[in-house]
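Participant: Predicted model and sequence follow; I will ask about them next.
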Amino acid sequence: MTDSGSFIRVAVRDNSKVADGFRHTIVMNTKTKTAWVLRTGGFASVYDWFGPVDARHVSIQNCRSDHMSANIRG
């Protein structure tokens, strides 16, 4: 069973000023160093997951992150 406290969420800023653009969120398991990307929005209101990817060599030290609940639509 996965500890839900080991997941963090980092929202990727989008400064494109496009009204129907996508929003991207990185979800990372800090224990396994595995990450996924959630893409939402767009003209057709998509909800797409990409991953998992190996994030062992990725630093999130300067990212503002939020601990997330275990309730993720998928």
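Facilitator: Structure's in. What do you need?
Participant: residues touching Trp42, list them.
Facilitator: No Trp there; residue 42 is Gly. Neighbour list for Gly42: 20-22 [criterion: Cβ atoms under 8 Å, 6 or more residues apart in numbering]. All C-beta spots, glycine's among them, are computed from the backbone N, C-alpha and C.
Participant: Show me which of those residues is closest to Val12.
Facilitator: Using Cβ to Cβ, Phe22 comes nearest to Val12 of the contacts of Gly42, at 9.6 Å.
Participant: Which strands or helices does the host helix or strand of Val37 pack on?
Facilitator: Assigned by DSSP states H and E, Val37 falls within strand 34-41. Applying 3 or more Cβ pairs under 8 Å, 6 or more residues apart in numbering; DSSP states H and E, one finds that strand 34-41 makes contact with strand 22-29, strand 46-54.
Participant: Over the shortest one, what's the mean pLDDT, rounded is fine.
Facilitator: Read that as strand 22-29. Strand 22-29 carries an average pLDDT of 90.
Participant: re earlier: most tightly surrounded among the helices and strands packed on strand 34-41?
Facilitator: Of all the helices and strands packed on strand 34-41, strand 22-29 has the most neighbours on average by mean count of other Cβ atoms under 10 Å, namely a mean of 18.
Participant: How about the residue nearest to the spatial centre of the chain: which residues does it bridge to?
Facilitator: The residue lying closest to the centre of the chain (Cα atoms, centre = their mean) is Ile26, at 2.0 Å. For Ile26, the beta-bridge partners under DSSP bridges are Val10, Val37.
Participant: could you give me the average pLDDT of the strand holding Val37?
Facilitator: On average, strand 34-41 scores 92.
Participant: Also stretch 48-61?
Facilitator: 86.
Participant: State the distance from Trp49 to Asp14.
Facilitator: Taking Cβ to Cβ, to the nearest Å as the measure, Trp49 falls 18 Å from Asp14.
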